[in-house]
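> coords below, sequence missing:
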C-alpha cells in the first residue's frame, strides 16, 4: 500500500475517531485499517494516535499530519479529476508534421474543421519534407506520403493518391498531349525533387513501375510553386490530383496520363505506440477516418455519375434530346504573366 493510501486511511480514522468506523467507510476490515496506521507510524517514526479501549485521539504528531495532509489530499483529488477530464475530453496541444505537398490539398481545411469541432484543442503543424523522428521531436501525429517502415510507429492508410500530368490547354495544343510517360521527355518539365535525389517522375505502366529521369527547366524542393508555373503555361507538372484540383476546376490546367498513376502511393498517418493516447489525439484520428470515408464516398459517387451519364444519353430518344448549340468560336487564351 502506498503512502497516499495510508494517509487516506489515517485521515478516515482521525475524522471518525474509530478504527471500525474507518474500516466500514473504506470497505475493508478493521485489522487492515489498524495495520495501515501501524505502517504509517513506522514510516514516519512517530506515534499518530492515542489508543484506549474506549476511543482514539490524535497525538501532536498526528494532529500535524492531519492538518498538513488536508490541502495535499485535496490537491491530489483535483489533479485526478483534471487528468480524468483530459483523458475523456479532447483538449490541450497536438504537435503535427506534414510535407509541403499536402498544404495544397484539403488537409488545411480539414484541420480547420477539426478545430471548430474541438475548440479546446490547439494544433501546431510543422511543415517539412524531412521525416522527423516522432519520439525525438515530440510529434503526436505525422502525415506522410508513401511507405513508412518504422516498426515503432502505428501507421494508418488514409487515402490513395492519384497522380496526373497537367499543363494549360494552350500548352497541350502547342506541344501535343502525351499518350505515354516516355513522351514527357520532349516536354518542358516543372519538377519537385529532394536535395539528395536527382529529379525524376514515377509512373505505373501495365502494372510495373517506371521511373523517368528528368532535365527540368524548373526544379524545387517545395511543390507549392509548380501548379502556379504550370498555370502560366511554362510547362508540364506531374503531381497529385488533389494538389492541382483548384487549377483544374478553374480550367487553368488540363490533365493527361491519368492511367499511368502509381497504384501504391498512399497518404498515411503515423503516431507512436503508447498505452494511453490523449483524448485529443483519439478525436483527431476519428476525424481523419470520417474525412477519408466521406472522401471515398464522394469519389465513388463522382465516378458513378461519369459512368451513368453516357448510358442515360444512349437511352434517351433522339427526338427528346435538345438540339446541340452551334459551336462557339474559341479565342486563343492570352498568356499569363
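Looks like it arrived, so ask away. Quick caveat: nothing in here was measured; it's all calculated off a predicted structure. Residues are numbered from 1 along each chain as shown.
> any idea how this structure splits into domains?
As recorded under automatic domain parsing, the domains making up the chain are 3-88, 92-159+266-304, 163-260.
> which one of those domains is the most hemmed in?
Ranked by mean neighbour count under mean count of other Cβ atoms under 10 Å, the domains of the chain are led by domain 163-260, which reaches a mean of 17. From N, CA and C alone the C-beta is placed, and that goes for glycine too.
> For residue 132, pull up the helix or strand it's in.
With the criterion set as DSSP states H and E, no secondary-structure element contains residue 132; it sits in neither a helix nor a strand.
> State the phi and psi torsions of it.
Dihedral pair for residue 132: phi -80, psi 150, per degrees, to the nearest 10.
> do residue 45 as well
Torsion angles at residue 45 (phi, psi; degrees, to the nearest 10) stand at phi 70, psi 30.
> Likewise for residue 61?
Per degrees, to the nearest 10, the residue geometry at residue 61, taken as phi and psi, is phi -60, psi -40.
> Look up how far residue 54 lies from it.
Computed as Cβ to Cβ, to the nearest Å, the residue 61 to residue 54 distance reads 22 Å.
> What of residue 184?
In this structure, residue 184 and residue 54 are 98 Å apart, going by Cβ to Cβ.
> what does residue 117 give?
With distances defined as Cβ to Cβ, the gap from residue 117 to residue 54 amounts to 62 Å.
> For the chain, give me the ranges with low pLDDT.
Flagging of the chain using pLDDT under 70 yields the residue ranges 87, 275-276, 299-337.
> Could you pull out the strands in it for me?
Under the criterion DSSP state E, strands of the chain are mapped to 49-51, 56-58, 92-98, 121-127, 141-145, 153-160, 163-167, 189-192, 200-205, 208-213, 218-220, 236-240, 254-256, 266-272.
> need the ones you listed in a markdown table with distance to residue 133, can you?
Converted to a markdown table, the strands of the chain look like this (distance: least, Cβ to Cβ, whole Å):
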| stretch | distance to residue 133 |
| --- | --- |
| strand 49-51 | 55 |
| strand 56-58 | 54 |
| strand 92-98 | 10 |
| strand 121-127 | 12 |
| strand 141-145 | 10 |
| strand 153-160 | 10 |
| strand 163-167 | 28 |
| strand 189-192 | 23 |
| strand 200-205 | 26 |
| strand 208-213 | 28 |
| strand 218-220 | 25 |
| strand 236-240 | 25 |
| strand 254-256 | 37 |
| strand 266-272 | 10 |
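> Name the residues that touch stretch 74-85?
4, 91 (Cβ atoms under 8 Å, 6 or more residues apart in numbering).
> repeat that with 7 Å
residue 4 (Cβ atoms under 7 Å, 6 or more residues apart in numbering).
> Run the chain-centre distance for it.
29 Å (Cα atoms, centre = their mean, to the nearest Å).
> Start the count at 22 instead of 1 going forward.
Got it, the first residue is 22 from now on, which makes the last one we talked about stretch 95-106.
> Quick check: closest non-adjacent residue to residue 134.
In space, residue 134 comes closest to residue 308 once its chain neighbours are excluded; the distance is 7.7 Å by Cβ to Cβ, 6 or more residues apart in numbering.
> Could you do residue 83 as well?
Closest residue to residue 83 apart from its sequence neighbours, by Cβ to Cβ, 6+ apart: residue 69 at 3.7 Å.
> Run through the residues that contact the one you found.
Counting by Cβ under 7 Å, 6+ apart, residue 69 makes contact with 31, 58, 61, 62, 79, 80, 82, 83, 86.
> switch to 6 Å and redo it
By Cβ atoms under 6 Å, 6 or more residues apart in numbering, residue 69 lies in contact with 62, 80, 83.
> Against residue 226, how distant is the residue nearest to residue 214 when sequence neighbours are not counted?
Spatial nearest neighbour of residue 214, chain neighbours left out: residue 220 (4.1 Å); criterion: Cβ to Cβ, 6+ apart. As judged by Cβ to Cβ, residue 220 and residue 226 stand 19 Å apart.
> got it, and residue 211?
Counting by Cβ to Cβ, the separation of residue 211 from residue 226 is 22 Å.
> Same check on residue 300?
Per Cβ to Cβ, residue 300 is found 46 Å from residue 226.
> next one: residue 84
Relative to residue 226, residue 84 is positioned 85 Å away (criterion: Cβ to Cβ).
> got it, and residue 153?
Taking Cβ to Cβ as the measure, residue 153 and residue 226 are separated by 34 Å.
> Over to residue 257?
Relative to residue 226, and taking Cβ to Cβ, residue 257 is found at 18 Å.
> same check, this time on residue 116
40 Å.
> Next: residue 68.
Taken as Cβ to Cβ, the spacing of residue 68 relative to residue 226 amounts to 87 Å.
> now do residue 85
From residue 85 to residue 226 the distance is 82 Å (Cβ to Cβ).
> same thing with residue 131?
Residue 131 sits at a distance of 33 Å from residue 226 (criterion: Cβ to Cβ).
> same check, this time on residue 132
Using Cβ to Cβ, we find residue 132 at a distance of 36 Å from residue 226.
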